[in-house]
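Asker: Sequence first, then the predicted structure, then my questions.
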Amino acid sequence: MLDWLQSLAHLIDGFTQPRAVLIAENTALRQQLIILRRRAPKHLVLTCTDRLLLTALYRLFPKVLNHIHILHPETVIRWHRMGFKALWRWKSRARGGRPRISKETRNLIREMSIANQLWGAPRIHGEILLLGIDVSQSTVAKYMVKHRRPPSQSWKTFLDNHARDIAACDFLVVPTIGFKMLYAFVVLAHDRRKILHVAVTDHPTTQWTAQQLVEAFSWGEAPKHLIRDNDSIYGAVYKAKLRALGIRDGPTALRSPWQNAYVERVIGSVRRECLDHVIVLNAAHLHRVLKAYAQYYNSARTHLSLEKNAPVPRLISASGTIKSTPHLGGMHHEYARIE
């Protein structure tokens, strides 16, 4: 502190001295500085008072930066910027006002705005209030995620809202032990991926396919739309039967099996989990195997898209003895607890 006062006194005294005296003093001081720098260490230890004095001189007289030789001019400039940031940090400190919003509440607002893109700030604010969180609507609007495009539901939500009214059908070809080709017809409901009907024939026709629709859908329970490919077997008789059942025909585009992805996925599962491990003897044998697999598929097999449950939901049980039930002759098993 004493050194700082002495420097201040010399500064005031310098304003009263003649110019020639100041030049002589500066020359003497510079020569002394040159002598001291010869034996000074590379890294000088400066106190906070030293930094404050040099920064104040630079603030008042910027040209003094050209006469500083014990450190780099950029160092003094960096000190000045650090002091400027510290000053504004102190001036911008919290002085009361509204309480800060917790991180959990901010994350909840962001999650709601992302999951419900059709909701605005008033709707989200209402949900927040019902959860017992007291925040203003302006706060909700502040922390909502701003969407670049107009609000819209996701494709997953769109498909889920229509899945109950959509079914799909397709054929798969299965060779027998005698290399005869059999045709299996599969009908699948989209909402729970449930196999509604399987049938087998060695000579599929439009009339036979139309009859399978009658057997698959009871009156009053038919879907609104039925997706199928562009096979020529779906002819005029098939379309007439669809109209009679009140079902709208939904053919896919040419060479676009991905548009009928659900039933294609089921056919792949039938092959990988059943038919690839069975030698088919005849049509009756194939029909029995497919009926057994459909029963296992609907009532026991878990699905990732159904939250790892079966199309016909299985109940969760945490007590009792675990027992396995074989399906398809022991190729697959179902596990359940028995009291």
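Answerer: Everything's here; your move. None of these values were measured; they are calculated from a predicted model.

Asker: Share the number of residues neighbouring Val266, please.
Answerer: Val266 sits with 20 neighbouring residues when counted by other C-beta atoms under 10 Å. C-beta coordinates here come from the backbone N, C-alpha and C atoms, glycine included.

Asker: Surely it touches Val198?
Answerer: No. Look at Val266 against Val198 with C-beta atoms under 8 Å: they stay out of range, at 10.3 Å.

Asker: Common neighbours of the two, please.
Answerer: Val186 (C-beta atoms under 8 Å, 6 or more residues apart in numbering).

Asker: Just the CA trace of the host helix or strand of Phe84, in CSV.
Answerer: Using DSSP states H and E, Phe84 maps to helix 73-91. The C-alpha trace of helix 73-91 is given here as CSV (Å, rounded to 0.1, in the frame of the first residue of the first chain):
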residue,chain,number,x,y,z
PRO,A,73,1.7,-4.8,-23.4
GLU,A,74,-0.9,-7.5,-24.2
THR,A,75,-0.7,-8.5,-20.5
VAL,A,76,-1.8,-5.1,-19.4
ILE,A,77,-4.6,-5.1,-21.9
ARG,A,78,-5.7,-8.5,-20.7
TRP,A,79,-5.7,-7.2,-17.1
HIS,A,80,-7.9,-4.3,-18.2
ARG,A,81,-10.4,-6.6,-19.9
MET,A,82,-10.5,-8.9,-16.8
GLY,A,83,-11.2,-5.8,-14.7
PHE,A,84,-14.0,-4.7,-17.1
LYS,A,85,-15.7,-8.1,-16.9
ALA,A,86,-15.4,-8.2,-13.1
LEU,A,87,-17.0,-4.7,-12.9
TRP,A,88,-20.0,-5.7,-15.1
ARG,A,89,-20.3,-9.0,-13.3
TRP,A,90,-20.6,-7.1,-10.1
LYS,A,91,-23.1,-4.6,-11.5
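
Asker: Show me where this protein dips below the pLDDT cut-off.
Answerer: In the predicted model of the chain, residues 1-46, 48, 50-51, 53-54, 57-59, 64-73, 76, 96-98, 149-155, 219-220 satisfy pLDDT under 70.

Asker: can you list the domains in it?
Answerer: According to automatic domain parsing, the chain comprises the domains 2-90, 103-146, 160-330.

Asker: so Val280, which of the three states?
Answerer: On the three-state scheme (DSSP: H, G, I helix; E, B strand; the rest coil), Val280 is labelled coil.

Asker: And Val270, by the same measure?
Answerer: helix.

Asker: hang on, isn't it packed against Val186?
Answerer: Yes. Counting by C-beta under 8 Å, Val270 does reach Val186; the two are 7.5 Å apart.

Asker: overlap in contacts of those two?
Answerer: Contacts common to Val270 and Val186, judged by C-beta under 8 Å, 6+ apart, are Leu172.
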